[in-house]
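J.: quick one: sequence and predicted model below, then my questions.
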Amino acid sequence: MTKTPLNDQLLGSLIKKNLVEAPSTDFDDNLMRCIEKEAAKGTSQTKNMKISMLFFVLGTGFGLLVSHLLPMLGETVAGMNTRTIVLGFQVVYIILILTQLENIINFFSRMKA
Amino acid sequence: MRIIWRTGEIKHLKMDEIYVRKVCAGDTKAFRYFVEQYKTLSITLAVSIVKDEFIAEEVVQDAFINAFRAMKNFNFNSKFNTWFYRIVVNEAFKRLKKMRMEVVDFRQDYDDQVADESEILALQQDEQAQLINQALKLLPPRESLVLRLFYLQEESIKEVASITGWSESNVKVILHRARKNMHAAINQLIKLIN
């Protein structure tokens, strides 16, 4: 018996008819629940980021104010030289910035996005 | 016919754009449009790669969540479906790698193997569908994916290349090999049926 080779057109139409449906009947609802959760997570993340930003700016501003005002109080505060105290604060600030640099850059890039 | 198809596609693209803007504006419920529109085709594509309906469903769920997260970055330079199917394909290959699934490389001496059209047409419609599904499952992931994209979605070689991220010449080679392997796979399955 001679064979009739399966032509491209028929192969195409057979593949076209062959759609796979989702095995779960509640796929759409489950997915939409996940999407709602994701959206809520995104909102709370944005809120947290805004709060973090506010405290970062407030902390930096307060630090600058303290290092500016502290020498005006006199030569010594609580038996310590004010210059030494300011220097201590500045060193701690720089160390914190340097160690958290990667997180800070990520934070600002996420804020931008 | 072509004009009707073009009009339909333009309308579809417009709808996609409207819903992308809605979702970006914070209307989460508008995302259901994409789920309803692309769910079946995405699962079909994912099945081509992971070869299991339940895993494909998980892959598509992850792809939809990733698309939702990244929707703000969608810049309308490409069609939404091209962008989304690329996410599905990447997610499916990522899952396949994680599963470390050993996909049997289906290699036959296919040069002399041509599927017989009359034998396929003699089957019932649901049997035909099952046969094609099984044959596609026998093919390596890349081959069944390219076949499905090319025929199911009627995508051009260029579109298939942009969805998969492979070069156009690579897609052509895979498509050629896939057609030949498909014939061999169908033949083998028909022998099992008879």
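T.: Cool, the structure landed.

J.: find the least confident helix or strand in chain B, judged by mean pLDDT.
T.: helix B:117-121 (a mean of 71; mean pLDDT, DSSP states H and E).

J.: before we move on, what about chain A?
T.: Sorted by mean pLDDT, DSSP H and E, the helices and strands of chain A end with strand A:76-77, the least confident at a mean of 76.

J.: now do the residue minimising distance to the centre of chain B against A:Asp26, distance only.
T.: Against the mean C-alpha coordinate of chain B, by CA atoms, centre = their mean, the closest residue is B:Leu45 at 2.8 Å. As defined by CB to CB, to the nearest Å, B:Leu45 lies at a distance of 21 Å from A:Asp26. The C-beta positions use only the backbone N, C-alpha and C, and glycine is treated the same way.

J.: I'd like the next helix or strand past the helix or strand where the residue nearest to the centre of chain B lies.
T.: Using DSSP states H and E, B:Leu45 maps to helix B:32-50. Toward the C-terminus, helix B:32-50 is succeeded by helix B:53-70 as the next helix or strand (DSSP H and E).

J.: other SSEs contacting that next one?
T.: Counting contacts by 3 or more CB pairs under 8 Å, 6 or more residues apart in numbering or on different chains; DSSP states H and E, helix B:53-70 packs against helix A:27-69, helix B:32-50, helix B:80-99.

J.: state the mean pLDDT of stretch B:96-115.
T.: Per-residue pLDDT over stretch B:96-115 has a mean of 63.

J.: now stretch B:122-140
T.: For stretch B:122-140, the per-residue pLDDT averages 84.

J.: same deal with stretch A:96-105?
T.: So the average pLDDT for stretch A:96-105 ends up being 86.

J.: with just CA atoms, put it into CSV.
T.: This file holds the C-alpha atoms of stretch A:96-105, laid out as CSV (Å, rounded to 0.1, in the frame of the first residue of the first chain):
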residue,chain,number,x,y,z
LEU,A,96,27.8,52.8,58.6
ILE,A,97,27.5,54.4,55.1
LEU,A,98,30.5,52.4,53.8
THR,A,99,29.3,49.0,55.2
GLN,A,100,25.7,49.6,54.0
LEU,A,101,26.7,51.2,50.6
GLU,A,102,25.4,48.3,48.5
ASN,A,103,22.0,48.3,50.4
ILE,A,104,21.8,52.1,50.0
ILE,A,105,22.5,52.0,46.3
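
J.: buried ones in it, by neighbour count?
T.: Residues of stretch A:96-105 include none that count as buried (16 or more other CB atoms under 10 Å in any protein chain shown).

J.: mind checking how far it is from the chain centre?
T.: 14 Å (CA atoms, centre = their mean, to the nearest Å).

J.: how many other residues sit next to B:Phe74?
T.: Residues lying near B:Phe74 (other CB atoms under 10 Å in any protein chain shown) number 18.

J.: out of everything not next to it in sequence, what's closest to residue 76?
T.: Picked chain A for this. A:Thr82 (6.6 Å; CB to CB, 6 or more residues apart in numbering or on different chains).

J.: the intended chain is chain B.
T.: Distances taken as CB to CB, 6+ apart place B:Glu17 nearest to B:Phe76, at 6.6 Å, with adjacent residues excluded.

J.: and what of B:Asp16?
T.: B:Phe80 (4.0 Å).

J.: pretty sure the one you found sits against B:Ala67.
T.: No - between B:Phe80 and B:Ala67 there is no contact under CB atoms under 8 Å: 9.1 Å.

J.: overlap in contacts, those two.
T.: Residues touching both B:Phe80 and B:Ala67 by CB atoms under 8 Å, 6 or more residues apart in numbering or on different chains: B:Phe34.

J.: more neighbours, the two?
T.: A direct count of neighbours by other CB under 10 Å for B:Phe80 and B:Ala67 places B:Ala67 higher, at 24 against 21.

J.: what sits against the more buried one?
T.: B:34, B:83-84, B:87.

J.: what's the burial count for residue 40?
T.: Since you didn't name a chain, this refers to chain A. Applying other CB under 10 Å, we find 11 other residues in the vicinity of A:Ala40.

J.: chain B is the one I meant
T.: B:Thr40, neighbours per other CB under 10 Å, totals 14.

J.: my guess is B:Arg179 contacts A:Leu11, does it?
T.: Yes - contact between B:Arg179 and A:Leu11 holds when scored by CB under 8 Å: they sit 7.2 Å apart.

J.: ok, those two, which is more surrounded?
T.: A:Leu11 (21 against 18).
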